[in-house]
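Chemist: 3D model of this:
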Amino acid sequence: MSHLEHLDLAPIAGVNGSVVLPGSKSISNRTLLLAALCEGSTLVQGLLASDDTQRMLEALEALGVKVEQQGDSRDFLVHGCAGSFPNKAADLFLGNAGTAFRPLTAALALSGGEYHLHGVPRMHERPIGDLVDALVQAGAKIDYLANPGFPPLQIHPAELSSDRIAVKGNVSSQFLTGLLMALPLTGRDMTIEVVGELISKPYIEITLNLLAKFGIEVVRREWKEFFIKGGQTYRSPGQIFVEGDASSASYFLAAGAIGGGTVRVEGVGRDAIQGDKRFADTLAQMGAQITWGDNFIEAAPPADGQLKAIDVDLNHIPDAAMTIAVAALFARGTTTIRNIESWRVKETDRLSAMATELRKVGATVEEGQDYIVVTPPAQLIANAAIETYDDHRMAMCFSLVALGGVTVRILDPKCTAKTFPTYFEELARISN
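Modeler: Residues are numbered from 1 along each chain as shown. Just a heads-up that it's a prediction; the model follows:
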């Protein structure tokens, strides 16, 4: 990996101010696909500007969906195709965008066309077998073009068969999200059974919330079964506003909690549909002072000035949980984060990467198959060069080390473009 690109962050004495968050990645890509599938046109407002959304926009264009950006704004008018993509053959390059790859695989498998889906090498290491197995039960015809269970894929027209399909819930919630978004296209009564424990449930809540906005009602039977009545069609809500990204909020809220001042994030608050807003509750457990508004969250340091260690299950917020692992460097005692095995199949193996880089700054780390234990050093090691593994969250998490009074070098800082291209400028703006 070339390290010609790096960013040296000087020690940050404190932070103060407010940050307007970019749009949510999870909401942006789901909304684009739903708008494309519905009858009528939808104005999608506040769409995230990032690599992941760019891949989805390119895919929709290749599928024949007309999308018009409104001037220089982040508002896009999507002309829906009423459940049938105009182009019945397409070659789609989706980078490392799981939020585009998984739902598109499901929708295209039921769209009666020939489609080739591929991405960067890391995307071809991210499992998709459980989703493909579920789609095949419904009558989809999908070939693996390299390793069984992984992209790239070739999709052929389906021959619908079963009206009941089972999917494993313990690898990625994006598999269930893809099915929930695609199965209304069959026009039939469909039941999805979740096998085993469903992880990242708040992400499914986002999906169900958005489906309802586009006219699809899903009956949820606890977290074990989902029933979609046949004959429902996607209908445009006219316009829809994309919430600020709650995962991106975690870095700024943590910065406020670690020390030196008060930080407010705008665009996400108590009414947000994203589960990652509950990251603020975890910071509060560590002693941070949290204030909630309808459309903002504010974080300030604990009254006594230092966070305290916690032992916590963060299965429900796996992305934001990474920020807690770095916040643990600033807490009294040893922090344990449990039930996060899904970290291993993200943009990189995040458990291994997090353990390796935390040790570089002096932490004592124990890495388990589904947990990480972090004990902070008496003094952080200065000038550590942090590998980012082409993973936006590694870069943003480790920027917080600078709040410990040491310089830190972030290698390949531009990897934040996946969700937050202007992250380092925003951090600098609120830093003292």
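
Chemist: what about the closest residue to residue 275 other than its chain neighbours, which helix or strand?
Modeler: In space, and not counting its chain neighbours, residue 275 is closest to residue 202: 1.9 Å by C-beta to C-beta, 6 or more residues apart in numbering. No exception for glycine: its C-beta is placed from N, CA and C like everyone else's. Taking DSSP states H and E as the definition, residue 202 sits inside helix 201-213.

Chemist: which residues make contact with the next helix or strand after that helix from outside it?
Modeler: Scanning forward in sequence from helix 201-213 by DSSP H and E, the next helix or strand is strand 218-221. Identification of contacts with strand 218-221 by C-beta atoms under 8 Å, 6 or more residues apart in numbering yields 180, 208, 211-212, 226-229.

Chemist: Quick check: buried residues in stretch 304-322?
Modeler: By neighbour count on 16 or more other C-beta atoms under 10 Å, the buried set for stretch 304-322 is 307, 309-310, 312, 314-322.

Chemist: Check stretch 375-395 too.
Modeler: Residues of stretch 375-395 classed as buried by neighbour count (16+ other C-beta under 10 Å): 375-376, 380, 384, 386-395.

Chemist: Same question for stretch 53-69.
Modeler: Buried positions in stretch 53-69, judged by neighbour count with 16+ other C-beta under 10 Å: 53-60, 62-63, 65, 67.

Chemist: can you pull out the strands in the stretch 301-432 of the chain?
Modeler: Ranges of strands in the stretch 301-432 of the chain, per DSSP state E, counting those that start in this stretch, are 307-308, 311-313, 331-332, 335-338, 364-367, 371-375, 384-386, 408-411.

Chemist: out of those, nearest to residue 92?
Modeler: Closest to residue 92 of the strands of the stretch 301-432 of the chain is strand 408-411 (C-beta to C-beta; 30.1 Å).

Chemist: tell me what that closest one is packed against?
Modeler: On a contact count with 3 or more C-beta pairs under 8 Å, 6 or more residues apart in numbering; DSSP states H and E, strand 408-411 meets strand 6-9, strand 384-386, helix 392-398.

Chemist: Reformat the ones you listed as CSV; add distance to residue 275.
Modeler: Output for the helices and strands packed on strand 408-411, formatted as CSV (distance: least, C-beta to C-beta, whole Å):
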stretch, distance to residue 275
strand 6-9, 29
strand 384-386, 27
helix 392-398, 16
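
Chemist: do you know which of those lies nearest residue 272?
Modeler: Here helix 392-398 is closest among the helices and strands packed on strand 408-411 (C-beta to C-beta), at 19.0 Å.

Chemist: need the helices and strands packed on strand 408-411 in JSON lines with mean pLDDT and distance to residue 267, can you?
Modeler: As requested, these are exported to JSON lines (pLDDT from 0 to 100; distance: least, C-beta to C-beta, whole Å):
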{"stretch": "strand 6-9", "mean pLDDT": "98", "distance to residue 267": "24"}
{"stretch": "strand 384-386", "mean pLDDT": "98", "distance to residue 267": "27"}
{"stretch": "helix 392-398", "mean pLDDT": "97", "distance to residue 267": "16"}
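
Chemist: Ok, which of these comes nearest residue 271?
Modeler: Evaluated with C-beta to C-beta, these place helix 392-398 nearest to residue 271, the distance being 24.6 Å.

Chemist: Could you give the separation of the closest one from the chain centroid?
Modeler: Chain-centre distance of helix 392-398: 13 Å, with C-alpha atoms, centre = their mean, to the nearest Å.

Chemist: which residues are in contact with that helix?
Modeler: Here helix 392-398 makes contact (C-beta under 8 Å, 6+ apart) with 247-248, 251, 319, 322-323, 325-326, 346-348, 350, 353-354, 357, 386-388, 408, 410, 412-413, 415-420, 423.

Chemist: try 7 Å this time
Modeler: The contact list for helix 392-398, computed with C-beta atoms under 7 Å, 6 or more residues apart in numbering, reads 251, 319, 322-323, 326, 353, 357, 386, 388, 408, 410, 413, 415-416, 418-420, 423.

Chemist: can you check stretch 63-76 too?
Modeler: For stretch 63-76, contacts defined as C-beta under 7 Å, 6+ apart pick out 23, 36, 43-47, 49, 57, 60-61, 77-79, 81, 85-87, 90.

Chemist: Sort out for me which of the residues you listed are in helices.
Modeler: Assignment to helices by DSSP state H places the following of the contacts of stretch 63-76 there: 36, 57, 60-61.

Chemist: May I see these organised as TSV, with pLDDT and distance to residue 331 added?
Modeler: Putting those into TSV (pLDDT from 0 to 100; distance: C-beta to C-beta, whole Å) gives the following:
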residue	pLDDT	distance to residue 331
36	98	44
57	98	41
60	98	44
61	98	47
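
Chemist: List the residues that contact the closest residue to residue 289 other than its chain neighbours.
Modeler: With C-beta to C-beta, 6+ apart as the criterion, residue 289 has its nearest non-adjacent residue at 4.3 Å, and that residue is residue 300. Applying C-beta under 7 Å, 6+ apart to residue 300 gives the contacts 256, 262, 288-289.

Chemist: Most widely separated two among these?
Modeler: Largest separation among the contacts of residue 300 by C-beta to C-beta: 262 and 288, giving 10.5 Å.

Chemist: Which one's more surrounded, these two?
Modeler: residue 288 (23 against 18; other C-beta atoms under 10 Å).

Chemist: Next, the contact list for the more buried one, please.
Modeler: By C-beta under 7 Å, 6+ apart, the contact list for residue 288 reads 257, 299-302, 307.

Chemist: Among the residues you listed, pick out the one closest to residue 239, please.
Modeler: Proximity of the contacts of residue 288 to residue 239 was ranked by C-beta to C-beta; the top entry is residue 299 with 31.2 Å.
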